[in-house]
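K.L.:
Return atomic coordinates for the entry below.
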Amino acid sequence: MTISQFLDPTWNALSSAPGEFKYTMSVILAGMWCVIFGIYTLELTFIGYNILGHIAVITGIFVTHRAFKTARAYSPESR
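P.N.:
You can find the predicted model right below:
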């Protein structure tokens, strides 16, 4: 498996999962990597801020995706 296949949403293991599960797994993975890099760099003071920042970005991406998906469903071309 190549990195492009791993990151491709149509190819990876989460491709058929519901959106809520994808969101939850994204937040868990982001938190895990924040902790891992915090331990690696010995900068544990700001882990909470890093995790909150990642959650904010991931939430923004999922909300934006949902808004575009809803707008596409209600567009005149889709009827």
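K.L.:
list the contacts for Met25?
P.N.:
Counting by CB atoms under 8 Å, 6 or more residues apart in numbering, Met25 touches 14, 17. (Each C-beta comes from the backbone N, C-alpha and C, glycine too.)
K.L.:
State the distance from it to Arg66.
P.N.:
Distance, Met25 to Arg66, using CB to CB, to the nearest Å: 17 Å.
K.L.:
before we move on, what about Asn50?
P.N.:
Asn50 is 25 Å from Arg66, where distance means CB to CB.
K.L.:
who's more crowded, the two?
P.N.:
Asn50 (17 against 12; other CB atoms under 10 Å).
K.L.:
element containing the more buried one?
P.N.:
Using DSSP states H and E, Asn50 sits in helix 47-73.
K.L.:
could you give the mean pLDDT of that helix?
P.N.:
Mean pLDDT, computed over helix 47-73, is 87.
K.L.:
Name the residues of it that are buried.
P.N.:
Buried residues in helix 47-73, counted by 16 or more other CB atoms under 10 Å: 50-51, 54-55, 58, 62.
K.L.:
ok now it, how far from the chain's centre?
P.N.:
Taking CA atoms, centre = their mean, to the nearest Å, one finds the center of helix 47-73 at 7 Å from the center of the full chain.
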